[in-house]
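*Asks:* Fold the following.
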Amino acid sequence: MEFTITGANAITYPYLHIWDWRVAIYLFLGGLAGGCMSMAAVANLRPDKETPKSQACCWRVPMMTPVILAVGMGFLFLDLQVKQHMYRFYMTLQPLSPMSWGSWILILVFPAMIAFALSTVPESAMDNLKDGMIRNLIIKAQNSMRPLAKLNFLLGILLSIYTGILLSSFMARPLWNSSILPVLFLNSGMSTGAATMILMARRSSVKLFFTKVDIWLIFSEITVLVLLYYGQFTSPEASRESILPFFTLTSQYFPYFISILTLSIVLPLAIILKFLEISSDHSENIELTFKQKFEMNASAVLVLLGGAIIRFALVYAGQLSKFTGLS
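*Replies:* The predicted structure follows:
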């Protein structure tokens, strides 16, 4: 259908299903889950962590990640028109269908997420568990913490990229049909994952480490976003017109203009706050002050806000784009 239906008018096409905020939230939470998988793996694999090499130092984010993805899939389920047929996604695998691949990826990453989460359970929590199946599973997972972390790092990248591939595979939507979009969603997912690590970390060294990581990720995200708009602007007419809502100050396109304006403020401001923080004098064992923690957390919240704006703006603006003369 996407090859022939390029409009977005539900009156003209009564059987056309518009993707709304539920899909945008799903794409945001899916990318966030992928970023959390990879960044939590980095936290537990980095050589300068405080705990022994084979022991996890980060457990809150791995525990949160399956919940984040489950909530995202819940919003996707709400968007399905015939919900009782959801099981049909898992009755087959269509090699040329991104949605078919995605449905399987979403299910297959859950065991890896849960196994990694179990491998990071701290010893203090183990003392409260009685001998049984759950305790034995945790012990087995803890023995394989590093291999599970490496697996989660790769699966997190795959999950973040998929959220962009889901949109870029729609050839009838010029704004979505770009090979740069999966790269943008990957960068955004990793950046929001690093921001979550900053918010959840208790150790000052971990906050500082991911603040430095997130600076490079935000720079990369801004670069890819600019390249996306540049690529659309230098492409044929339909692609060039697809980005006009972001640069047209009219009542019809006002939300899209505000979105690009907000991103132009939010992401650079996040970088400035992060630079102010890492430029401060931090010795090895000093604790961060309230002001320093506030700056770090504020910049992380701005990054999460920017990631959500990107998803919402592209999902809605993409459905306005079309090929002239075909709709």
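
*Asks:* from here on, contacts and neighbour counts on C-alpha atoms
*Replies:* Will do.

*Asks:* Quick one: list the elements packing against the helix or strand where A43 lies.
*Replies:* Applying DSSP states H and E as the criterion places A43 in helix 21-45. Secondary-structure packing of helix 21-45 (3 or more CA pairs under 8 Å, 6 or more residues apart in numbering; DSSP states H and E): helix 60-79, helix 145-168, helix 180-200, helix 290-318.

*Asks:* Between those helices, which one is closest to E277.
*Replies:* Across those, E277 has its closest neighbour in helix 290-318 (6.6 Å, CA to CA).

*Asks:* Who are the packing partners of the closest one?
*Replies:* helix 21-45, helix 180-200, helix 254-278.

*Asks:* and the angle for that helix with helix 21-45?
*Replies:* 140 degrees (axes from the mean of the first three to the mean of the last three CA atoms, to 10 degrees).

*Asks:* What residues sit buried inside helix 290-318?
*Replies:* 292-293, 295-318 (16 or more other CA atoms under 10 Å).

*Asks:* cool, and stretch 262-276?
*Replies:* In stretch 262-276, counting by 16+ other CA under 10 Å, buried: L263, V266, L267, P268, L269, A270, I271, L273, K274.

*Asks:* before we move on, back to that, could you dump the helices and strands packed on helix 21-45 to JSON lines with distance to F89 and mean pLDDT?
*Replies:* Converted to JSON lines, the helices and strands packed on helix 21-45 look like this (distance: least, CA to CA, whole Å; pLDDT from 0 to 100):
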{"stretch": "helix 60-79", "distance to F89": "12", "mean pLDDT": "92"}
{"stretch": "helix 145-168", "distance to F89": "15", "mean pLDDT": "93"}
{"stretch": "helix 180-200", "distance to F89": "22", "mean pLDDT": "95"}
{"stretch": "helix 290-318", "distance to F89": "22", "mean pLDDT": "91"}
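
*Asks:* For these, give me JSON lines that also has distance to S259.
*Replies:* Shown next, in JSON lines, are these (distance: least, CA to CA, whole Å):
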{"stretch": "helix 60-79", "distance to S259": "22"}
{"stretch": "helix 145-168", "distance to S259": "19"}
{"stretch": "helix 180-200", "distance to S259": "15"}
{"stretch": "helix 290-318", "distance to S259": "6"}
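
*Asks:* about what we covered before: where among the helices and strands packed on helix 290-318 is the average confidence lowest?
*Replies:* Lowest mean pLDDT within these: helix 254-278, a mean of 88.

*Asks:* Show residues contacting it.
*Replies:* 208, 211-212, 215, 218, 222, 245-249, 292, 295-296, 298-300, 302-303, 305-306, 309-310, 313, 317 (CA atoms under 8 Å, 6 or more residues apart in numbering).
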